[in-house]
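# Build the 3D model from these lines:
(chains A and B)
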Amino acid sequence: GENVEQHPSTLSVQEGDSAVIKCTYSDSASNYFPWYKQELGKRPQLIIDIRSNVGEKKDQRIAVTLNKTAKHFSLHITETQPEDSAVYFCAANNTGGFKTIFGAGTRLFVKA
Amino acid sequence: NAGVTQTPKFQVLKTGQSMTLQCAQDMNHEYMSWYRQDPGMGLRLIHYSVGAGITDQGEVPNGYNVSRSTTEDFPLRLLSAAPSQTSVYFCASSRMGTGVSGNTIYFGEGSWLTVV
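Alright, predicted model coming up:
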(Lines give C-alpha, C1' and ligand atoms only; values in the text may rest on other atoms or scores of the structure.)
Protein backbone atom coordinates (compact mmCIF):
# COMPACT_ATOMS: atom_id res chain seq x y z
CA GLY A 1 0.00 0.00 0.00
CA GLU A 2 0.87 3.67 -0.15
CA ASN A 3 3.33 5.13 2.34
CA VAL A 4 3.93 8.86 2.68
CA GLU A 5 6.95 10.25 4.52
CA GLN A 6 7.12 13.91 5.51
CA HIS A 7 10.05 16.04 6.67
CA PRO A 8 10.84 17.88 8.81
CA SER A 9 8.56 17.10 11.73
CA THR A 10 9.16 20.58 13.18
CA LEU A 11 10.21 23.76 11.41
CA SER A 12 10.87 27.14 12.95
CA VAL A 13 11.39 30.22 10.76
CA GLN A 14 11.58 33.97 11.23
CA GLU A 15 8.68 36.02 9.96
CA GLY A 16 9.30 36.93 6.32
CA ASP A 17 11.52 33.93 5.62
CA SER A 18 10.53 30.99 3.42
CA ALA A 19 9.51 27.53 4.63
CA VAL A 20 9.83 24.28 2.71
CA ILE A 21 8.22 20.97 3.64
CA LYS A 22 9.07 17.80 1.71
CA CYS A 23 7.19 14.55 1.19
CA THR A 24 7.90 11.29 -0.57
CA TYR A 25 5.42 8.62 -1.61
CA SER A 26 5.81 4.98 -2.51
CA ASP A 27 2.90 4.05 -4.80
CA SER A 28 3.54 5.03 -8.42
CA ALA A 29 -0.24 4.82 -9.02
CA SER A 30 -0.82 7.88 -6.81
CA ASN A 31 -1.82 10.83 -8.93
CA TYR A 32 -3.26 13.47 -6.62
CA PHE A 33 -1.28 15.23 -3.87
CA PRO A 34 -3.13 17.62 -1.55
CA TRP A 35 -1.74 19.69 1.32
CA TYR A 36 -3.74 20.40 4.45
CA LYS A 37 -3.27 22.97 7.19
CA GLN A 38 -4.46 22.29 10.72
CA GLU A 39 -4.58 25.07 13.28
CA LEU A 40 -4.56 24.18 16.95
CA GLY A 41 -7.78 22.44 17.97
CA LYS A 42 -9.28 22.74 14.50
CA ARG A 43 -9.96 20.37 11.63
CA PRO A 44 -7.50 19.99 8.72
CA GLN A 45 -8.36 22.14 5.72
CA LEU A 46 -7.09 21.97 2.15
CA ILE A 47 -4.70 24.77 1.19
CA ILE A 48 -3.38 23.60 -2.17
CA ASP A 49 -3.21 20.47 -4.29
CA ILE A 50 -1.41 19.21 -7.35
CA ARG A 51 -2.24 16.52 -9.85
CA SER A 52 0.25 14.22 -11.51
CA ASN A 53 -0.09 15.87 -14.91
CA VAL A 54 1.28 19.14 -13.47
CA GLY A 55 4.81 19.83 -12.18
CA GLU A 56 4.17 23.00 -10.20
CA LYS A 57 1.26 25.02 -8.90
CA LYS A 58 1.21 28.37 -7.14
CA ASP A 59 -1.42 30.24 -5.14
CA GLN A 60 -0.23 33.59 -3.79
CA ARG A 61 2.43 32.84 -1.16
CA ILE A 62 2.19 29.06 -1.35
CA ALA A 63 3.42 26.76 -4.08
CA VAL A 64 3.72 23.03 -4.54
CA THR A 65 6.12 21.12 -6.78
CA LEU A 66 5.92 17.50 -7.88
CA ASN A 67 8.66 15.21 -9.20
CA LYS A 68 6.93 12.04 -10.36
CA THR A 69 10.16 10.30 -11.30
CA ALA A 70 11.59 10.71 -7.83
CA LYS A 71 8.17 10.34 -6.17
CA HIS A 72 8.48 13.45 -4.09
CA PHE A 73 6.56 16.68 -3.72
CA SER A 74 7.16 19.81 -1.71
CA LEU A 75 5.26 22.73 -0.20
CA HIS A 76 6.86 26.17 -0.34
CA ILE A 77 5.60 29.09 1.72
CA THR A 78 7.18 32.47 1.01
CA GLU A 79 7.10 35.63 3.14
CA THR A 80 5.87 33.66 6.15
CA GLN A 81 3.58 35.33 8.64
CA PRO A 82 2.70 34.39 12.25
CA GLU A 83 -0.72 33.18 11.08
CA ASP A 84 1.07 30.53 8.98
CA SER A 85 1.96 28.79 12.25
CA ALA A 86 0.12 25.43 12.17
CA VAL A 87 0.58 21.76 11.41
CA TYR A 88 0.85 20.96 7.71
CA PHE A 89 0.04 17.55 6.24
CA CYS A 90 0.89 16.22 2.82
CA ALA A 91 -1.12 13.37 1.34
CA ALA A 92 -1.21 11.03 -1.64
CA ASN A 93 -4.24 9.58 -3.34
CA ASN A 94 -4.63 7.14 -6.19
CA THR A 95 -6.96 7.07 -9.14
CA GLY A 96 -10.60 7.24 -8.18
CA GLY A 97 -10.05 8.93 -4.85
CA PHE A 98 -9.60 5.82 -2.78
CA LYS A 99 -7.58 5.72 0.39
CA THR A 100 -5.93 9.09 0.82
CA ILE A 101 -2.83 8.48 2.91
CA PHE A 102 -1.32 11.31 4.95
CA GLY A 103 2.19 12.09 6.07
CA ALA A 104 2.97 12.47 9.77
CA GLY A 105 2.75 16.25 9.66
CA THR A 106 5.09 19.24 10.07
CA ARG A 107 4.61 21.70 12.88
CA LEU A 108 5.58 25.13 11.55
CA PHE A 109 6.41 27.96 13.93
CA VAL A 110 6.74 31.47 12.50
CA LYS A 111 8.49 33.78 14.94
CA ALA A 112 7.50 37.43 14.83
CA ASN B 1 -24.98 23.64 4.61
CA ALA B 2 -23.57 21.73 7.60
CA GLY B 3 -20.86 19.78 5.71
CA VAL B 4 -19.52 16.90 7.82
CA THR B 5 -21.01 16.57 11.29
CA GLN B 6 -19.63 14.18 13.88
CA THR B 7 -20.70 13.47 17.44
CA PRO B 8 -19.85 13.39 20.25
CA LYS B 9 -17.11 16.02 20.44
CA PHE B 10 -15.70 14.67 23.71
CA GLN B 11 -16.07 11.24 25.31
CA VAL B 12 -14.46 9.36 28.17
CA LEU B 13 -14.76 5.59 28.13
CA LYS B 14 -13.71 2.86 30.49
CA THR B 15 -11.62 0.00 29.16
CA GLY B 16 -13.85 -2.65 27.66
CA GLN B 17 -16.81 -0.39 26.98
CA SER B 18 -18.21 -0.02 23.48
CA MET B 19 -19.40 3.11 21.77
CA THR B 20 -20.29 4.55 18.38
CA LEU B 21 -18.98 7.77 16.88
CA GLN B 22 -21.60 9.21 14.57
CA CYS B 23 -20.81 10.91 11.27
CA ALA B 24 -23.13 12.48 8.73
CA GLN B 25 -22.52 14.56 5.61
CA ASP B 26 -25.02 16.55 3.58
CA MET B 27 -22.94 17.07 0.42
CA ASN B 28 -24.01 13.84 -1.31
CA HIS B 29 -20.40 12.64 -1.31
CA GLU B 30 -19.78 9.06 -2.32
CA TYR B 31 -16.54 8.66 -0.36
CA MET B 32 -16.42 8.72 3.43
CA SER B 33 -13.64 7.77 5.79
CA TRP B 34 -12.47 7.78 9.39
CA TYR B 35 -9.02 8.88 10.53
CA ARG B 36 -7.38 8.93 13.91
CA GLN B 37 -4.82 11.55 14.84
CA ASP B 38 -2.11 10.89 17.39
CA PRO B 39 0.91 13.09 18.24
CA GLY B 40 3.73 12.50 15.76
CA MET B 41 1.68 9.97 13.79
CA GLY B 42 -0.30 12.25 11.52
CA LEU B 43 -3.71 11.19 10.26
CA ARG B 44 -4.05 7.44 9.92
CA LEU B 45 -6.87 5.91 7.91
CA ILE B 46 -9.06 3.50 9.90
CA HIS B 47 -11.84 2.53 7.47
CA TYR B 48 -13.34 4.00 4.35
CA SER B 49 -16.39 3.61 2.14
CA VAL B 50 -16.92 4.35 -1.53
CA GLY B 51 -20.69 4.12 -1.36
CA ALA B 52 -23.67 2.72 0.52
CA GLY B 53 -23.12 -0.92 1.38
CA ILE B 54 -19.39 -0.83 0.58
CA THR B 55 -16.66 -0.51 3.20
CA ASP B 56 -12.99 -1.40 3.35
CA GLN B 57 -10.09 -1.33 5.76
CA GLY B 58 -7.53 1.40 5.96
CA GLU B 59 -4.13 1.45 7.68
CA VAL B 60 -5.25 0.80 11.28
CA PRO B 61 -8.63 -1.03 11.26
CA ASN B 62 -8.22 -3.35 14.25
CA GLY B 63 -10.69 -2.73 17.07
CA TYR B 64 -13.08 -0.72 14.90
CA ASN B 65 -16.14 -1.55 12.81
CA VAL B 66 -18.00 0.55 10.28
CA SER B 67 -21.13 0.31 8.18
CA ARG B 68 -22.59 2.45 5.41
CA SER B 69 -26.33 1.90 5.12
CA THR B 70 -26.98 5.31 3.55
CA THR B 71 -24.94 7.78 1.52
CA GLU B 72 -25.14 10.32 4.36
CA ASP B 73 -24.09 8.30 7.42
CA PHE B 74 -20.89 6.48 8.30
CA PRO B 75 -20.71 5.50 12.00
CA LEU B 76 -17.54 4.16 13.62
CA ARG B 77 -17.92 1.55 16.34
CA LEU B 78 -15.37 0.77 19.03
CA LEU B 79 -16.11 -2.79 20.03
CA SER B 80 -14.17 -3.04 23.31
CA ALA B 81 -12.32 0.19 24.07
CA ALA B 82 -8.64 0.05 24.98
CA PRO B 83 -6.32 2.83 26.25
CA SER B 84 -4.45 2.60 22.91
CA GLN B 85 -7.60 3.94 21.24
CA THR B 86 -7.29 7.25 23.09
CA SER B 87 -7.06 9.66 20.17
CA VAL B 88 -8.75 12.38 18.15
CA TYR B 89 -11.03 10.92 15.50
CA PHE B 90 -11.93 12.71 12.30
CA CYS B 91 -14.67 11.73 9.91
CA ALA B 92 -14.19 12.92 6.34
CA SER B 93 -15.97 12.90 3.01
CA SER B 94 -15.25 13.76 -0.61
CA ARG B 95 -16.55 13.25 -4.09
CA MET B 96 -15.03 10.36 -5.95
CA GLY B 97 -12.23 11.30 -8.32
CA THR B 98 -11.49 9.71 -11.64
CA GLY B 99 -8.24 9.74 -13.52
CA VAL B 100 -6.13 12.60 -12.26
CA SER B 101 -9.11 14.53 -10.89
CA GLY B 102 -8.69 14.03 -7.18
CA ASN B 103 -11.11 15.80 -4.89
CA THR B 104 -11.00 17.84 -1.71
CA ILE B 105 -11.49 15.95 1.53
CA TYR B 106 -13.80 17.72 3.98
CA PHE B 107 -13.25 16.87 7.63
CA GLY B 108 -15.61 16.97 10.57
CA GLU B 109 -14.64 18.94 13.66
CA GLY B 110 -13.15 15.93 15.41
CA SER B 111 -14.05 13.75 18.38
CA TRP B 112 -11.71 13.67 21.38
CA LEU B 113 -11.86 10.18 22.89
CA THR B 114 -10.15 9.16 26.13
CA VAL B 115 -10.12 5.53 27.28
CA VAL B 116 -9.22 5.03 30.94
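
# for chain B, what are the nearby residues on chain A?
Taking CB under 8 Å from any CB of the partner chain as the contact definition, chain A meets chain B at A:1, A:6, A:9, A:31-32, A:34, A:36, A:42-46, A:49, A:51-53, A:89, A:91, A:93, A:95-105. Any C-beta I mention is one placed from the backbone N, CA and C, and that applies to glycine too.

# In ChimeraX, how would I select the buried members of those residues?
To isolate the buried members of the residues of chain A next to chain B in ChimeraX, using 16 or more other CB atoms under 10 Å in any protein chain shown:
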select /A:6,31,32,34,36,43,44,46,49,51,52,89,91,93,95,96,97,99,100,101,102,103,104,105
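
# Please report how far the residue positioned nearest the centre of chain B lies from chain A.
Nearest to the mean C-alpha position of chain B, counting by CA atoms, centre = their mean, stands B:W34 at 2.3 Å. Distance of B:W34 to chain A, computed by CB to the nearest CB, to the nearest Å: 12 Å.

# What separation is there between that residue and B:R44?
Relative to B:R44, B:W34 is positioned 10 Å away (criterion: CB to CB, to the nearest Å).

# do A:T10 as well
According to CB to CB, A:T10 stands 19 Å off from B:R44.

# now do B:K9
For B:K9 relative to B:R44 (CB to CB), the value is 20 Å.

# who's more crowded, those two?
With neighbours defined as other CB atoms under 10 Å in any protein chain shown, B:K9 and B:R44 compare such that B:R44 has more, 17 against 10.

# name the element the residue in chain A that chain B sits nearest to belongs to?
Residue of chain A nearest chain B, by CB to the nearest CB: A:Y32 (2.6 Å). Using DSSP states H and E, A:Y32 sits in strand A:30-38.

# on contacts alone, who are the packing partners of that strand?
strand A:45-51, strand A:62-67, strand A:86-94 (3 or more CB pairs under 8 Å, 6 or more residues apart in numbering or on different chains; DSSP states H and E).
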